[in-house]
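*Asks:* Sequence first, predicted coordinates after that:
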Amino acid sequence: MSGILTATGIRKSFGDRDVLKGVDVTLGAHEVVALIGASGSGKSTLLRCLGLLEPIDDGQIFLGDEDISDPRVDGNRVRARLGAVFQSFNLFPHLSVLDNVTLASRVVHRMPRRDAEARAAELLARVGLADKAKDHPDRLSGGQQQRVAIARAIATDPEVLLLDEITSALDPELVGEVLELVRDLASEGATILMATHEMAFARDVADRVVFLDAGTIVEQGPPSSVLRHPQEARTRAFLARFTA
Amino acid sequence: MSTRIPSALELDRRAYRRGRERRSALIAILSTAAFAVIVWATVINTEGWAKVQQAFFDPGVAVEALPKVWEGFLLNLTVLGISIFTVGGVALVIALLRTLRGPVFFPVRTLAAGYTDLFRGLPFIIVLYLVGFGLPTIVGERIDELFLGILAVTLTYSAYVAEVIRAGIDSVHPSQRLAARALGLNHVQTLRRVVLPQALRKMTPALMNDFISMQKDVGLISIIAGLDAIARAKGVVATTYNFTPYVVAGILFILLAIPTIRLTDWYTARLREREQSGSVL
């Protein structure tokens, strides 16, 4: 396997609704892939399936050389190697920002509290929220909350970061600070698969853009070709609707 | 706080508001006084009232009954104190059993659901009879009243509390569970670190309500126990032909409940305030 995360023939249905109809996607080391597509196209489902948060109905997922879709694989151990951030309702409201960031380090990775907190303090400083460590998430703006969620996701040094429309629930003026952070992570070599509606961001930061429509990948390639010169009619229709 | 001197208009408005407040206070005092007069004329200043007073509020009988009733009340308190833990433990286990997913757990899930159906439907007095009189008959020897009381209270109340806990668990947003699993926490870690702490806050008012209910229902063990507050009161009633001992026991139970009731009111109010200030919790 060439990629860090490789998925082949992923199928997923909810009841009689086929959400993913055989998706192949590969994520190389240090690659940033933007997943675009209309609401209901299967972006979130694909990310959840890849993160083993949703069982797949068919296909295979490899993390490195390991088939993580094998039911004999311990899902908790795999999830501990991945990082994920969702649209909203991410942070645990009963824990302080610091405890949110250190939770997985302490509980899953058995890191001593002192070490976990030192690492968390570094990360919070990095996302510009060092002074919010003791606050509870409800004191933070949406943008700050998502930055904490990202700090929490990278606290355990995940091999792959799955970001599911992390700016969609934010007020427009807060989107920038979150995307800026993702841009930094990308430039530092993180491996990221992110579902997004921010086309300008995808164009600037992504190495590759994958367009998902009705549960299948219609087109993929460098942003310059997919976003500027889409080959498929469906891609063109989606992008036209988007820029209109 | 601003030190700015308010405008004449504002001062006028404040004076008017103060006047209205004084007027409201005066009306409240007058209406209370009028109401007291009416009560005095129609209830207290009657022939029947003297009889009521004699039968229910005889100071001499009260003084005589209090030490005995108090002694019995300690048994109620013991049953209550221990039941808090047994009810909490059993209820938590049943609630968790009901949240287990997967076909393997079908029998325990069904059993737990059946338990809550059964003991929420069954009148407490029947549980008391079955436990208090049935159990010693089966065993064939005397069983400590304390144990029987705790068992009966636990059987019934853990069914109620289990449902409150389950509802609390279900009320935590599913994304919270998802976010915890995404961090690599397993089912148990997710429950303990993320779901239960949040569920506990949401279910506290309901739990306290069940607790108040339990505080007075421990009085029902007098049916099976000869030594609790109400049974003792009954003993004194039988010798004095006066009902004051029941009132004494009743007052003890009310005094026990009032702090919890106030605490619940306070907590609920605080929770509402927090929610209205737009926080997530």
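*Replies:* Looks like it arrived, so ask away.

*Asks:* I'd say A:G83 and A:A151 touch.
*Replies:* No - when contacts are counted by Cβ atoms under 8 Å, A:G83 is not listed as touching A:A151 (10.2 Å). Backbone N, C-alpha and C define where each C-beta goes, glycine included.

*Asks:* more crowded one of these two?
*Replies:* A:G83 (28 against 24; other Cβ atoms under 10 Å in any protein chain shown).

*Asks:* What pLDDT does the model give that one?
*Replies:* Note for A:G83: predicted pLDDT of 90.

*Asks:* Please confirm that it is located within a strand.
*Replies:* Yes - membership of A:G83 in a strand is supported by DSSP: H, G, I helix; E, B strand; the rest coil.

*Asks:* Could I get the contacting residues of it?
*Replies:* A:153-154, A:156, A:158, A:160-162, B:182 (Cβ atoms under 8 Å, 6 or more residues apart in numbering or on different chains).

*Asks:* give me that answer again for 7 Å
*Replies:* Contacts for A:G83 (Cβ atoms under 7 Å, 6 or more residues apart in numbering or on different chains) come out as A:153-154, A:158, A:161-162.

*Asks:* quick one: which of those sit in helices?
*Replies:* Judged by DSSP state H, helices contain the following of those: A:153-154.

*Asks:* export the contacts of A:G83 to TSV and tack on distance to B:Y246?
*Replies:* As requested, the contacts of A:G83 are exported to TSV (distance: Cβ to Cβ, whole Å):
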residue	distance to B:Y246
A:A153	63
A:I154	67
A:P158	67
A:L161	69
A:L162	67
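
*Asks:* Which members of the contacts of A:G83 define the maximum pairwise distance?
*Replies:* Using Cβ to Cβ, the contacts of A:G83 reach their maximum pairwise distance at A:I154 and A:L162, which is 11.8 Å.

*Asks:* Can you report phi and psi for the closest residue to chain A within the stretch 151-281 of chain B?
*Replies:* As assessed by Cβ to the nearest Cβ, chain A sits closest to B:G184 within the stretch 151-281 of chain B, at 2.9 Å. For B:G184, the backbone dihedrals (degrees, to the nearest 10) come out as phi 100, psi 0.

*Asks:* A:I154 and A:L162 - which one has more neighbours?
*Replies:* A:L162 (26 against 19).

*Asks:* is stretch A:3-20 anywhere near chain B?
*Replies:* No - counting by Cβ under 7 Å from any Cβ of the partner chain, chain B has no neighbours in stretch A:3-20; the shortest distance is 14.4 Å.

*Asks:* Pull out the buried positions in that stretch.
*Replies:* If you call a residue buried by 16 or more other Cβ atoms under 10 Å in any protein chain shown, then stretch A:3-20 has these buried ones: A:3-8, A:10-12, A:18-20.

*Asks:* same question, stretch B:57-64
*Replies:* Buried, per 16+ other Cβ under 10 Å, within stretch B:57-64: B:58, B:61-62, B:64.

*Asks:* same check, this time on stretch A:82-98
*Replies:* So, applying 16+ other Cβ under 10 Å, buried residues of stretch A:82-98: A:82-98.

*Asks:* Spit out the contact partners of B:D265.
*Replies:* By Cβ under 7 Å, 6+ apart, B:D265 has no neighbours at all.

*Asks:* hang on, it in a helix?
*Replies:* Yes - B:D265 forms part of a helix when assessed by three-state DSSP.
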